[in-house]
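Participant: give me coordinates for this.
(one chain, ligands or ions: 2)
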Amino acid sequence: MCGAPATGNAGPRDRPPRHCAPGGRGPTAAGAVAASSLPLPVEQVAAERTNRVELLNQLDDYVLPRLTSIDAPLLCVVGGSTGAGKSTLVNSLVGDVVSRSGVLRPTTRASVLIHNPDDTRWFADQRVLPGLARLTGAPTQQDDPGQLRLVASRNIPPGLALLDAPDIDSVVEANRDLARQLLAAADLWLFVTTATRYADAVPWGLLQQATERGTSVAVVLNRVPVDAMEEVRADLAGMLMQQGLGQSPVFAVLESRLSEQGCCPPVRSSGCAAG
Ligand SMILES: Nc1nc2c(ncn2[C@@H]2O[C@H](COP(=O)(O)OP(=O)(O)OP(=O)(O)O)[C@@H](O)[C@H]2O)c(=O)[nH]1
Ligand SMILES: [Mg+2]
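Facilitator: Ligands and ions are numbered 1, 2, ... in the order given. Here you go, the predicted model:
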């Protein structure tokens, strides 16, 4: 079944800002940031304008939603390079094919958010990621990064939601803008990389931003050949330490044969903090 947009059509960048205090009371710190337009062409103004927009996005996408609904489910965003196996891992964790995986890059076009049916109300409205149009039903070729596909599954416990994100580094430029927005909205960023891709530059730029924002990060080192496990995991752990992410847990997953449904076999992983 094809999904149809349920609400809104604004892309990740062109949504109306909120910047309101909970309950809509008067001007706020966020309002003050929004009002500071930085009009003077002084040195560094371009970078400061970017910082201002990113700060407002994080207030809209994370701080204000969390403040107004402290009981809302935790949002775990699964992000990383195209082809790293994000959708495959999400399907394997959920135990059902909820997001399409594939050999063409990139495969995931719209974000897929899987939640328990009892938590639907937290995601159906614009509380989080207000710029993404809600969809239901199966993915289609028309899916795009400005959309969020909602999937209810009893295999996810209440209080937790998984978001399978489009990649952060393919030729689809809109995906990179979206990645920053999703990162800002995440309670936990589950960063997926592989034994062959873990030193790519683009992900490390985003990991750096995550450190600066204080976002919780866990790392999945996916598709590791059994004989390279110790060496690769130690090298990745060293890189995470250097980036200030030494406390982030690393889950290394052995390369494996997928089931007919395209899922990993029951978990054979090992987790440990990088440091
Ligand atoms: N053999 C094997 N193949 C895998 C594994 N994980 C992923 N693949 C394959 O790798 C390809 C890419 O996997 P996806 O899950 O689509 O990757 P993705 O990270 O979601 O990619 P994008 O949506 O483009 O960002 C698919 O053909 C998967 O079947 C694995 O553990 N073992
Ligand atoms: Mg995918």
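
Participant: and the protein, which of its residues are near ligand 2?
Facilitator: 86-87, 107-108 (C-beta under 5 Å from the ion). Heads up, the C-betas are built off the backbone N, CA and C, glycines and all.

Participant: closest one to Ile168 out of the residues you listed, please.
Facilitator: Closest to Ile168 out of these is Lys86 (10.1 Å), distances taken as C-beta to C-beta.

Participant: where do the helices sit along the stretch 1-150 of the chain?
Facilitator: Taking DSSP state H, counting those that start in this stretch as the test, the helices found in the stretch 1-150 of the chain are 29-35, 45-58, 64-68, 86-94, 120-124.

Participant: turn those helices into JSON lines, columns for mean neighbour count.
Facilitator: Shown next, in JSON lines, are the helices of the stretch 1-150 of the chain (neighbours: other C-beta atoms under 10 Å):
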{"stretch": "helix 29-35", "mean neighbour count": "14"}
{"stretch": "helix 45-58", "mean neighbour count": "14"}
{"stretch": "helix 64-68", "mean neighbour count": "17"}
{"stretch": "helix 86-94", "mean neighbour count": "24"}
{"stretch": "helix 120-124", "mean neighbour count": "16"}
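
Participant: got those helices as a markdown table, with mean pLDDT columns?
Facilitator: Output for the helices of the stretch 1-150 of the chain, formatted as a markdown table (pLDDT from 0 to 100):
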| stretch | mean pLDDT |
| --- | --- |
| helix 29-35 | 79 |
| helix 45-58 | 86 |
| helix 64-68 | 81 |
| helix 86-94 | 94 |
| helix 120-124 | 93 |
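
Participant: relative to Leu162, which of these is closest?
Facilitator: Taking these one by one with C-beta to C-beta, helix 86-94 is closest: 5.8 Å.

Participant: the closest one - contacts with which helices or strands?
Facilitator: strand 74-80, strand 111-115, strand 160-164 (3 or more C-beta pairs under 8 Å, 6 or more residues apart in numbering; DSSP states H and E).

Participant: and those strands as a markdown table, adding mean pLDDT?
Facilitator: A markdown table is the format used below for these (pLDDT from 0 to 100):
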| stretch | mean pLDDT |
| --- | --- |
| strand 74-80 | 94 |
| strand 111-115 | 96 |
| strand 160-164 | 96 |
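
Participant: deepest in the core, which of these is it.
Facilitator: Mean neighbour count (mean count of other C-beta atoms under 10 Å) peaks for strand 111-115 among the helices and strands packed on helix 86-94, with a mean of 26.

Participant: who touches it?
Facilitator: Residues from elsewhere that reach strand 111-115 (C-beta atoms under 8 Å, 6 or more residues apart in numbering): 73, 75, 87, 90, 94, 98-99, 122-123, 129, 132, 139, 145, 147-153, 156, 160-166, 178, 182.

Participant: I'm done for today, thanks for sticking with me.
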